[in-house]
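# everything below, folded, please.
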Amino acid sequence: MNIFSGINPKPRPSDIVQWSHENIRLPGSTLSETFDISITPWLREPLDRLLDNETRIITFVKPIQSGGSSVGEIALAWWASYGRGIIQNNWPKDDRATSRWRERILPVLERCKSVKWMGDRFDKTICQANLIGSTLKVQGVFSPDSLDSDSVPYQVNEEVHSWKPGHMAKARGRQTAVWFSKALDISNAGLVGEQLHGEWLAGTQQTWEVKCPGCGLYHPMITRWQDSKPHLGGLRYDSTGCKSQDGGIDYNKLRKTIRYQMPCGKEVFDTPSDRKALSVSGRYSEPRNEGATLSHRSYNLEGVSVDYIPWLKLIQEKHSALRALKAGDGEPWRRYITERECNFYSEESRPFQGQILINTGIKKDREGLKDRVARMWAADKQKGYRNLGQLSHYWLVIRDVMANADSQLVFEGLVQTDTDLLAILDDHKCQRRCGVVDASWDTKNVMEFCYRNGISAVQGSAKQEWFTHPDKTKRFYSVMKPIHMELNVPPRLNYAASDAGWQPNVDEPLVWFYNKAGLLNNLFFLRGHKSNVLAKNPEAKPWEYITHDVPADVSEDYQLQNDSWELKTGSRGRSKEQIEEWRQTRKDDHLFMCEGYIGMMMDMDGLIADRMTKLSQ
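Okay, the predicted model is just below:
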């Protein structure tokens, strides 16, 4: 027996992609257990750079579900077969490293025919493979001294967007004394200004582009369409006529309108064959960073380029993230930007923030907006304070609403009695069904008032929970119930038969609950959308933002009460977790809450969803 066999391995192959076809098996892959570059053609160039003599660093910023992790697994198997020295596979934490070692890395190495093991082959406990000529260490970079080791010729750095600040510099420092080092960074996009963003900017900044079937030129594949920049291209769809019965979007109808518009105007539709044809034609652009040396290659790929992911799925995820953001949860939007669009995220990536904007060019006018779809109103009943000489009273807001969710304030102020409230509503030609009264105080009497006069009621949720609707979505308002059921009296109007059973008449007064945080976020979104868009683009046109007009002659009460809540961002606990918290800055917030109830009705009617769908195309 020759105990020295294998010490001098055969010369390495010249084509790593062909070698991967023959040697790499990807256990658990939903696409193909045999590596096939035709499925993921955007992986070819990053793989080829592992073998060239000039490239030292490869920073690959890719979306989720694009096969990017297999690049790292192939690199590890290649260096395990033909490399010399220490190979590091660095993950954010040890538990993540351990799970990947057991589930993916070790099975890939065991099934690779060219990998030559030494001795006991590996130690599963510490995620280490002992090979002829090299040693592979799979580890978390958060652990002390993980990056403070000897010189490391080869590194695969995974999920760099989650690394602790400074650890990338430490990883790079392990390779400065190596004459022929290779580092492969693989990650979704992260935050603007953090270490992964810096590595991408320092590299060649090459983006995935495809050959246009119209003009024959190559164009980058960009997910987001911008009306003001049609020369960039992007994913488009039409939401007109796609509203579902519950106020959401009928995606079966929307699917038919989805297309990718090239800069030249050529449209490609959302079919597997058309998406695949674009992928097959794809390539990475030439370096776009003139200051970068070719020793540091950086690549980027957006989710719209991954042909086996339907474009409808991307649109649905975007809409879901926008709904969560509007309700106060910004995490789904951040994930969508970094994981699907695969762009670096900053607070400026948020499509809206809230602040009131006074329109000095208009005054309150009961004539309102000419082409309004509804004149919505909301009233908040208060018990009054004897020491202030007050009796029970209402605060009332009336607002005209357009089909595109633009709106204008028509009336605001204090109303003394039930009779006065009804008189003002009639005087302003308000339909009873287009408004609500807050029944949180004096609930039984308010409910009876609403029942007698055909008016709906709302109440704040005592638990402040989110509400699950029949379609399984969570919203900041509950399912509506007829008030007559709460009062245990007959309905005002006869029920009508339908496929879903007996349904109350559309004019039957209803009651529902709401989550205050969701209500506040919805209102801040509406009233601040215009000012936020104009702050980013002073040349923006009216169709590029939602207008929530407040006339210049509003009362001092209105101005003060609409400054009664603010959203604070801060950190909590040792983990410094970032949180958003609503704080009430003034005791009186009644007119502010009335505006919130009108915003809620606009959301329930689907007006906001329709406009946001058009704005996000």
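
# averaged pLDDT, the strand or helix carrying residue 600. What do you get?
For residue 600, the element it lies in under DSSP states H and E is helix 590-604. The predicted model assigns helix 590-604 a mean pLDDT of 96.

# equivalent analysis for stretch 229-240, please.
Per-residue scores along stretch 229-240 average to 88.

# can you mark which positions in that stretch are buried?
233, 234, 235, 236, 237, 239 (16 or more other Cβ atoms under 10 Å). For the C-beta atoms, the positions are set from N, CA and C on the backbone; glycine is no exception.

# all helices for the stretch 451-600 of the chain, in order.
Residue ranges of the helices in the stretch 451-600 of the chain, as given by DSSP state H, counting those that start in this stretch, are 483-487, 516-536, 556-561, 590-604.

# okay, the second one in CSV with CA atoms only?
Translated: helix 516-536. Extracted C-alpha coordinates of helix 516-536, given in CSV (Å, rounded to 0.1, in the frame of the first residue of the first chain):
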residue,chain,number,x,y,z
LYS,A,516,-55.0,52.4,17.7
ALA,A,517,-51.4,52.0,16.5
GLY,A,518,-52.7,50.8,13.1
LEU,A,519,-55.1,53.7,12.9
LEU,A,520,-52.4,56.3,13.7
ASN,A,521,-50.0,54.8,11.2
ASN,A,522,-52.7,54.9,8.5
LEU,A,523,-53.4,58.5,9.2
PHE,A,524,-49.8,59.6,9.3
PHE,A,525,-49.3,57.8,6.0
LEU,A,526,-52.2,59.7,4.3
ARG,A,527,-51.5,63.1,5.6
GLY,A,528,-47.7,62.9,5.1
HIS,A,529,-47.4,61.2,1.7
LYS,A,530,-47.4,64.4,-0.4
SER,A,531,-44.8,66.3,1.8
ASN,A,532,-42.6,63.2,1.9
VAL,A,533,-42.6,62.7,-1.9
LEU,A,534,-42.0,66.4,-2.5
ALA,A,535,-39.1,66.4,-0.1
LYS,A,536,-37.4,63.7,-2.2
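
# and which of the buried residues of stretch 229-240 is nearest to residue 101?
Nearest to residue 101 out of the buried residues of stretch 229-240 is residue 235 (Cβ to Cβ; 37.2 Å).

# isn't the closest one up against residue 304?
Yes. Under the criterion of Cβ atoms under 8 Å, residue 235 makes contact with residue 304 at 5.5 Å.

# now name the helix or strand holding residue 200.
Per DSSP H and E: residue 200 is located in helix 195-202.

# just the residues contacting the helix or strand following that helix, thanks.
Per DSSP H and E, helix 195-202 leads on to strand 206-211 as the next helix or strand towards the C-terminus. Strand 206-211 has contacts (Cβ atoms under 8 Å, 6 or more residues apart in numbering) with 42, 45, 217-221, 278-279, 281-288, 297-302, 305.

# are any of the residues you listed buried, and which?
Applying 16+ other Cβ under 10 Å to these flags 42, 45, 219-221, 278-279, 282, 284-285, 287, 297-302, 305 as buried.

# now do the residue nearest to the spatial centre of the chain, the pLDDT please.
The centroid of the chain falls nearest to residue 333 when counting by Cα atoms, centre = their mean (2.1 Å). According to the prediction, residue 333 has pLDDT 90.

# return the distance of it relative to residue 499.
As for residue 333, its distance to residue 499 is 36 Å (criterion: Cβ to Cβ, to the nearest Å).

# could you do residue 323 as well?
27 Å.

# just give the closest residue to residue 202, not the sequence neighbours.
residue 296 (5.9 Å; Cβ to Cβ, 6 or more residues apart in numbering).

# tell me the contacts of that neighbour?
55, 56, 57, 59, 199, 202, 203, 204.
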